[in-house]
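Chemist: 3D model of this:
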Amino acid sequence: MTAADVPTVCALEQAIFPEDPWTPGMVDEELRAAGRHYVAAYANTDGASGEIVGYAGITLGPDADVMTIGVLPQWRGKGVGARLLADLLSAAEAAGSERIFLEVRASNEAAQGLYRRYGFEIIGRIRNYFRHPLEDAVTMLRERADNTSVH
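Modeler: Got it, this is the predicted structure:
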């Protein structure tokens, strides 16, 4: 993703997270920040053209943190989220991240299932983490399986 994608990503934010979307300034700041990796998923399978249907981002370092994964409702259940997550995990591996954390709405069982399939485990709960609507977050962690790579 690039700064040119900010308007499109903000439109997706409105569609995916209407209660609490990121602003254009927030998206732009994330894209420009050091140690971040953001990726978009496109309607065309060539990976570089067509409408953006999802996006994801991660903060890299020894402890990486999945910042967001968003997929348009009509594209859910089609492997888009899995491809985005796989890209984030590859970036974390390349950066040498030892652990990857994320927070997900306690009610979002579909996302939790995806994360479990990729080796994440629930390690805790943060009360009232999400504000709109007010909801707890489940904290999940994936550690490097063999201390050499993330799979």
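Chemist: burial of the closest residue to Glu19 other than its chain neighbours, as a residue count?
Modeler: When the adjacent residues along the chain are set aside, Glu19 lies closest to His132, with 3.8 Å between them (Cβ to Cβ, 6 or more residues apart in numbering). C-beta coordinates here come from the backbone N, C-alpha and C atoms, glycine included. Per other Cβ atoms under 10 Å, the neighbour tally for His132 reads 10.
Chemist: Give me the pLDDT value at His132.
Modeler: Taken from the predicted model, the pLDDT recorded for His132 is 81.
Chemist: Go ahead and confirm it touches Pro21.
Modeler: No - under the contact definition of Cβ atoms under 8 Å, His132 does not touch Pro21, with a separation of 9.5 Å.
Chemist: What helix or strand is Arg142 located in?
Modeler: When secondary structure is defined using DSSP states H and E, the element that contains Arg142 is strand 134-143.
Chemist: Neighbouring strands - and their directions - for that strand?
Modeler: According to DSSP bridges, the neighbouring strands of strand 134-143, each with its direction, are strand 99-105 (antiparallel), strand 121-131 (antiparallel).
Chemist: between these, which gets the lowest average pLDDT?
Modeler: strand 121-131 (a mean of 93).
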